[in-house]
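A.B. asks: sequence below, structure please.
(2 chains)
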Protein chains: 2
Amino acid sequence: MSLKFPFTSLIESLPSTVPFVGPELQERIIGAPYRARIGANENVFGSSPKAREAMRRELDHCWKYTDPEFLNLKQAIAEHHNIPQENIVIGEGIDGLLGVASRLFIEPGIPVATSKGAYPTFNYQISGLGGNLVTTPFVNDHECPDALLKLAREENARVVYLANPDNPMGTWWSGRELDVMIAALPEHSVLFLDEAYVEFAPEGTSPPIDLENPQVLRFRTFSKAYGLAGTRIGYVIGHRELIKAFDKIRNHFGLNSFAIAGANAALRDQDWLVRVKNDVALAIRRIKDIAIENGLKPIPTATNFIALDCGRDGGFARAVLAELGKRAVFVRMPWVAPQDRCIRVSAGKKDDLDLFEKALPLALSRAEN
Amino acid sequence: MSLKFPFTSLIESLPSTVPFVGPELQERIIGAPYRARIGANENVFGSSPKAREAMRRELDHCWKYTDPEFLNLKQAIAEHHNIPQENIVIGEGIDGLLGVASRLFIEPGIPVATSKGAYPTFNYQISGLGGNLVTTPFVNDHECPDALLKLAREENARVVYLANPDNPMGTWWSGRELDVMIAALPEHSVLFLDEAYVEFAPEGTSPPIDLENPQVLRFRTFSKAYGLAGTRIGYVIGHRELIKAFDKIRNHFGLNSFAIAGANAALRDQDWLVRVKNDVALAIRRIKDIAIENGLKPIPTATNFIALDCGRDGGFARAVLAELGKRAVFVRMPWVAPQDRCIRVSAGKKDDLDLFEKALPLALSRAEN
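C.D. replies: This is a model prediction of the structure:
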């Protein structure tokens, strides 16, 4: 006799999927730890020592609930962007914030536009609400603003997702180009502009913040350039009426004290950020060189990772990935064709890249056979 | 001209409320810090030193995303309860887990049964999904299983909420009494059994875990007895099909590395828990004595807090609370009549209770005038 559970019909209809498999699970499957962890676009150069010191000071106080208003941190973010606090909401990383933001607009059947092969956790959140995802392909390895606008108009999409710079390809548009897109958004659409990697990108990649525009939410994180992925913290900037709506449903006591203290100190240590960006740029240059030496084509990137075109199909790139994994090198790859002809490598430290340099030619030659 | 936002009609209909005002906001309003923080049922005795050490070791690694499967921690919880891992889901505290669990069952209009004046964050989560909250009063300062069952049957409630021990009154039922309730649940109902405080309660307060029962989810936290409120971590135990459903919508990368490491070490240090429970029992006894000396009536409690009956109405208790606040003593009180004749005081350290002992008679005499 099978049991009956009173799940909603939406929950019944959802598949049991996860947006990502963690490297730890892969290690458990392989039965050995990775020696180069350059697959999840983490910042191997780590967080500011000042952030670590601020978090260390929280150790003896973590019996307390955190202030649900995060006043000091909100103030730091407000000063950093030179905007009022009422235009900021802080949450458990972009993944968590995408979940809350999606609930503001999406209910079963509501159309949502994104690019085929763009960030899967966004899709996961939309599907989890019964939203109707419609997609348009990448164009020349870029998420395509024009195609997204066309799709949004045709399908009446209430939310449009675009990451700038993009993940997994690392490509980007200038702020000026995005401003043109924003101005052309259909009246019924809100743009979720995911700027997780924007601190690594050239000046001007982020369009100027226009707090009067009710159609844009931009997502920022401390997981990438600030090196605090493990603490789970990010924020959203937008029109104050949009931001106020988050307070209706967000978990007010969801943020941990380490994240709040670490993010605050990290944001105030911009010197460390400069240093990290420099380290990342050098690492990306070296990955490019390694790729070219091995006959792969690096895709231009504005992030702390780079997609390397392996010149064949997804099956081949997957084989390269698997062979790298066998050599204790953790990298990932894009999810759909034709981007899945690439592997995606995150900026690593010298040891990580030495290992990658050694493993890549072997992986390529194994994958050929 | 007023702007139009494409919010869902549910979001439009929700009020801008928060489940709790944090003591930090109250401090900002008062303009001075509290000297005795005994209002939020936090564990002033703190977490195990081993937990703090485990978290300290995470400081240099928090550039990494956490393992979304939390394998080590899940294993520790499984061993602690002697149950399989497939019956456990870990999340960002009970507040966060109540949010995810509610989404499994609730959509607009679905009836949900709880007690009038029970945990407000549960109500917040249900309202945020458009659920239709129906309530029954406390009976003799207890959430009443029989009344909840009657309500669930009459109103066709899909979820029934009960905290054991209760918050804000601290009262409790034996596991045996709850087993009777569970056996009598209507077929269409799932019981959310909130056991946030159960580690403080007498042996036998938690009904035996029956993993074959598809109608019970029990919520546990590391915020209270384990002293890790600031890290935001809790878990749910239930039938594996119920637990599996969480994976369809939970934020797989929502937990921070400090929470995972701290909870794991805390759970393995049961000696510290024994010590904390002893400290809490002594503090509760002292609060009782102070209350009786001042003519207040302590309500029997199985938690780390105690409700003190001030013998008049809510207005009077609120005045007592305000007067305590002016004397830098942070306490809270129940939300609805007749429980709001009480103030609710959390177990404090010696200094906290010295301050409370000094402030209470003054607060009472001021409140009388």
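A.B. asks: okay, which residue is most central for chain A?
C.D. replies: Nearest residue to the geometric centre of chain A (CA atoms, centre = their mean): residue A:196, 5.0 Å.
A.B. asks: can you pull the contacts of it?
C.D. replies: Taking CB atoms under 8 Å, 6 or more residues apart in numbering or on different chains, we find residue A:196 in contact with A:94, A:163, A:167, A:219, A:220, A:221, A:223, A:224, A:234. Heads up, the C-betas are built off the backbone N, CA and C, glycines and all.
A.B. asks: tell me which parts of the stretch 101-250 of chain A are close to chain B?
C.D. replies: A:103-107, A:110, A:121, A:128, A:158, A:188-190, A:214, A:223, A:227-232, A:239, A:241-242, A:244-245, A:247-249 (CB under 8 Å from any CB of the partner chain).
A.B. asks: what sits against the nearest residue to residue A:65 once chain neighbours are set aside?
C.D. replies: Distances taken as CB to CB, 6 or more residues apart in numbering or on different chains put residue B:229 closest to residue A:65, at 4.7 Å, once the chain neighbours are dropped. Going by CB under 8 Å, 6+ apart, residue B:229 touches A:62, A:63, A:64, A:65, B:40, B:42, B:43, B:93, B:223.
A.B. asks: let's see that with 6 Å instead.
C.D. replies: The contact partners of residue B:229, by CB atoms under 6 Å, 6 or more residues apart in numbering or on different chains, come to A:63, A:65, B:42, B:223.
A.B. asks: from those residues, which one has the minimum pLDDT?
C.D. replies: When the contacts of residue B:229 are compared on pLDDT, residue A:65 comes out lowest, with 92.
A.B. asks: quick revisit: of all the contacts of residue B:229, which comes closest to residue B:368?
C.D. replies: Residue B:368 lies nearest to residue B:42 out of these, by CB to CB, at 29.9 Å.
A.B. asks: run through the helices of the stretch 251-369 of chain A in chain order.
C.D. replies: A:257-268, A:270-293, A:314-326, A:350-368 (DSSP state H, counting those that start in this stretch).
A.B. asks: kindly reformat those as CSV containing mean pLDDT, distance to chain B and mean neighbour count.
C.D. replies: Converted to CSV, the helices of the stretch 251-369 of chain A look like this (pLDDT from 0 to 100; distance: least, CB to the nearest CB, whole Å; neighbours: other CB atoms under 10 Å in any protein chain shown):
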stretch, mean pLDDT, distance to chain B, mean neighbour count
helix A:257-268, 97, 4, 26
helix A:270-293, 98, 10, 17
helix A:314-326, 96, 17, 19
helix A:350-368, 97, 13, 17
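A.B. asks: make TSV out of those helices and add distance to residue B:154.
C.D. replies: Below are these laid out as TSV (distance: least, CB to CB, whole Å):
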stretch	distance to residue B:154
helix A:257-268	43
helix A:270-293	59
helix A:314-326	57
helix A:350-368	63
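A.B. asks: before we move on, back to that, got a markdown table for the contacts of residue A:196, with distance to residue A:348 and neighbour count too?
C.D. replies: Shown next, in a markdown table, are the contacts of residue A:196 (distance: CB to CB, whole Å; neighbours: other CB atoms under 10 Å in any protein chain shown):
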| residue | distance to residue A:348 | neighbour count |
| --- | --- | --- |
| A:94 | 22 | 29 |
| A:163 | 22 | 26 |
| A:167 | 17 | 22 |
| A:219 | 25 | 25 |
| A:220 | 24 | 27 |
| A:221 | 20 | 25 |
| A:223 | 17 | 28 |
| A:224 | 14 | 28 |
| A:234 | 23 | 26 |
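A.B. asks: which of the residues you listed fall within helices?
C.D. replies: Counted as lying in helices by DSSP state H, out of those, are residue A:94.
A.B. asks: among the contacts of residue A:196, which one sits closest to chain B?
C.D. replies: residue A:223 (7.5 Å; CB to the nearest CB).
A.B. asks: pull the contacting residues for the closest one.
C.D. replies: Contacts of residue A:223 (CB under 6 Å, 6+ apart): A:93, A:229.
A.B. asks: repeat that with 7 Å
C.D. replies: By CB atoms under 7 Å, 6 or more residues apart in numbering or on different chains, residue A:223 lies in contact with A:93, A:229, A:234.
A.B. asks: next up, phi/psi of it, please.
C.D. replies: With angles defined as degrees, to the nearest 10, residue A:223 sits at phi -80, psi -20.
A.B. asks: try residue A:142
C.D. replies: phi -110, psi 140.
A.B. asks: quick check: closest non-adjacent residue to it.
C.D. replies: residue A:171 (4.6 Å).
A.B. asks: helix or strand next in line after the helix or strand of chain A with the lowest mean pLDDT, which one?
C.D. replies: Ranked by mean pLDDT, DSSP states H and E, the weakest helix or strand in chain A is helix A:23-30, scoring a mean of 83. Later in the chain than helix A:23-30, the nearest helix or strand by DSSP states H and E is strand A:36-37.
A.B. asks: what angle separates the next helix or strand after that following strand from helix A:270-293?
C.D. replies: Note on strand A:36-37: by DSSP H and E, the next helix or strand toward the C-terminus is helix A:49-56. In terms of direction (axes from the mean of the first three to the mean of the last three CA atoms, to 10 degrees), helix A:49-56 departs from helix A:270-293 by 120 degrees.
A.B. asks: what helices and strands are in contact with the very next helix or strand once past helix A:49-56?
C.D. replies: Past helix A:49-56, further along toward the C-terminus, the next helix or strand under DSSP H and E is helix A:71-81. In terms of contacts (3 or more CB pairs under 7 Å, 6 or more residues apart in numbering or on different chains; DSSP states H and E), helix A:71-81 is packed against strand A:88-91, helix A:257-268.
A.B. asks: CA atoms only for the last one - export them in PDB, please.
C.D. replies: This points to helix A:257-268. Provided in PDB are the C-alpha atoms of helix A:257-268 (Å, rounded to 0.1, in the frame of the first residue of the first chain):
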ATOM      1  CA  SER A 257      26.700  36.500  12.700                       C
ATOM      2  CA  PHE A 258      29.900  35.400  10.900                       C
ATOM      3  CA  ALA A 259      28.500  36.400   7.600                       C
ATOM      4  CA  ILE A 260      27.400  39.800   8.800                       C
ATOM      5  CA  ALA A 261      30.700  40.600  10.500                       C
ATOM      6  CA  GLY A 262      32.900  39.200   7.700                       C
ATOM      7  CA  ALA A 263      31.000  41.000   5.000                       C
ATOM      8  CA  ASN A 264      31.200  44.300   6.800                       C
ATOM      9  CA  ALA A 265      35.000  44.000   7.300                       C
ATOM     10  CA  ALA A 266      35.600  42.700   3.800                       C
ATOM     11  CA  LEU A 267      33.700  45.600   2.200                       C
ATOM     12  CA  ARG A 268      35.800  48.100   4.200                       C
END
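A.B. asks: and it, how far out from the chain middle?
C.D. replies: 19 Å (CA atoms, centre = their mean, to the nearest Å).
A.B. asks: which strands and helices lie in contact with it?
C.D. replies: Looks like helix A:257-268 contacts helix A:49-56, helix A:71-81 (3+ CB pairs under 7 Å, 6+ apart).
A.B. asks: returning to what we had before: so for residue B:363, which of the helices and strands packed on helix A:71-81 sits nearest?
C.D. replies: It's helix A:257-268; of the helices and strands packed on helix A:71-81, that one is closest to residue B:363 (CB to CB) at 30.0 Å.
A.B. asks: what residues does the closest one touch?
C.D. replies: Residues contacting helix A:257-268 (CB under 7 Å, 6+ apart): A:47-48, A:50-51, A:54-55, A:57-58, A:61-62, A:66, A:70, A:72-73, A:76-77, A:80, A:222, A:226, A:228, A:231-233, B:230, B:256, B:258.
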